[in-house]
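K.L.:
3D model of this:
(one chain, ligands or ions: 1)
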Amino acid sequence: MKKYKVAVVGATGAVGLEMIKMLESRKFPVESIKLLASERSAGKTLKYNGKDVKVELLTKDGGKGVEIALFSAGATVSKEFAPFFAADGCFVIDNSSAWRMDKEIPLVVPEVNPHDLKKDKKLIANPNCSTIQMVVALKPLHDYAKIKRVIVSTYQSVSGAGQKGMNELDAQTKAWAKGETIPAANKFQYQIAFNLIPQIDVFTENGYTKEEMKMTNETKKIMGDSSIEVSATCVRVPVFRSHSENVWIETEKPLSPEKTKELLSKAPGIQLMDDPENKKYPMPLYAENMQTTYVGRIRQDISTKGNGITFWVVSDNLLKGAALNAVEIAETLVKNGLV
Ligand code: 3JN
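P.N.:
Purely as a prediction, here's the structure:
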């Protein structure tokens, strides 16, 4: 089997570290690995398959000789460096929002739109974490009953804001437990311990936040159907890892809970966890470090008379929401003979 020269850009960040772990645990055919980061982190040593790898400084030449680069270094870095990597013939799978809504750039969730990957489209965008876990569940339902409208409320863990987000919840909780003064908010707008914050990213002109509008716009693009209306409310919750979402859909064709369960039980990437009598439903603690998207609490939406379903979906935001989806895109490039 052919092996590939791979790079991870932003290797020392929360998602970068998970990307390295995903390449290892999924046994991606790696011939050589290059770990790249900004000046702040260059020079550190990380492990790949038990061997020390020195983190090198990211430069515009970093993509030379690399076949696949996984980027998780933020939109600004991606805008500056990714085009140089792509021009050197390297596939770039970018986890930031920099290119997601660019018409020329595929925005891919392998379970949903693998056909959007093309040999000559070297730059590929990885969607927002909240969008990914939702569309994996929406796709089979849309194919069967055509979704007209989605209303979603998210419960997003602090790891969505990176290591600093996790450190902030950790420090505030520990201070509370010791009876000390709780450290002031820094990464988040307000104290996150024992609180909920109905703001992720900045507000836009229509009153929705950028995170909420990402869910609307990215869903239409990935599903290849701009007629699907999506209204999202994104909330930060004091959970370390895994995002949870309650999703309501309204469909053109009637859709029963039984049919929804049948469709989702066969859907790739999904595991049904829906047995309310035995208190079985997905929860973030359960999804942490798992490579599956869990769906439960499936029921008829009583406000839409047979054409509406509501469900609860939970997935590890650093895995399916970021690193795993990126590695699965790379795996799809290999499987489809594109790289
Ligand atoms: O907060 C979350 O749970 C998800 C955050 C995602 C995020 C945070 C900062 C910048 C993104 C993203 O993936 O959309 C970006 C960005 O790339 O714009």
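K.L.:
so Val150, which state does it fall into?
P.N.:
Recorded secondary structure, Val150: strand (DSSP: H, G, I helix; E, B strand; the rest coil).
K.L.:
what sits against Lys103?
P.N.:
Counting by Cβ atoms under 8 Å, 6 or more residues apart in numbering, Lys103 makes contact with nothing. Heads up, the C-betas are built off the backbone N, CA and C, glycines and all.
K.L.:
again but with Ala287, I slipped
P.N.:
The contact partners of Ala287, taken as Cβ under 8 Å, 6+ apart, are Arg241, Ser242, Tyr294, Val314, Ser315, Asp316.
K.L.:
what's the closest of those to Pro183?
P.N.:
Arg241 (20.7 Å; Cβ to Cβ).
K.L.:
let me know the secondary structure of the closest one.
P.N.:
Of the three states, Arg241 takes coil under three-state DSSP.
K.L.:
what's it sitting at in phi/psi?
P.N.:
phi -140, psi 150 (degrees, to the nearest 10).
K.L.:
please apply the same query to the one 10 residues further on.
P.N.:
With angles defined as degrees, to the nearest 10, Thr251 shows backbone torsions of phi -120, psi 160.
K.L.:
what about it, how many neighbours?
P.N.:
Other residues near Thr251 number 20, with proximity taken as other Cβ atoms under 10 Å.
K.L.:
find the closest residue to the ligand in the chain.
P.N.:
Across the chain, no residue is closer to the ligand than Gly160, which sits at 1.8 Å (Cβ to the nearest ligand atom).
K.L.:
spatially nearest residue to that residue (excluding sequence neighbours)?
P.N.:
In space, and not counting its chain neighbours, Gly160 is closest to Asn317: 5.4 Å by Cβ to Cβ, 6 or more residues apart in numbering.
K.L.:
now do the contacts for Thr204.
P.N.:
Contacts for Thr204 (Cβ under 8 Å, 6+ apart) come out as Lys210, Met213.
K.L.:
report pLDDT for it.
P.N.:
We have a pLDDT of 98 for Thr204.
K.L.:
and what of Thr304?
P.N.:
We note a pLDDT of 88 for Thr304 in this prediction.
K.L.:
and the helix or strand containing Lys174, how far out from the chain middle?
P.N.:
If you go by DSSP states H and E, Lys174 is part of helix 162-177. Centroid separation for helix 162-177 versus its chain: 22 Å, with Cα atoms, centre = their mean, to the nearest Å.
K.L.:
so that helix, near the ligand or not?
P.N.:
No: judged by Cβ under 6 Å from any ligand atom, helix 162-177 stays clear of the ligand, getting no closer than 7.5 Å.
K.L.:
list the buried residues for that helix?
P.N.:
Gly162, Gly165, Met166, Glu168, Leu169, Gln172, Thr173 (16 or more other Cβ atoms under 10 Å).
K.L.:
let me have these in TSV, extended by distance to Gly224 and pLDDT.
P.N.:
Converted to TSV, these look like this (distance: Cβ to Cβ, whole Å; pLDDT from 0 to 100):
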residue	distance to Gly224	pLDDT
Gly162	31	95
Gly165	32	98
Met166	35	98
Glu168	38	98
Leu169	37	98
Gln172	42	98
Thr173	42	98
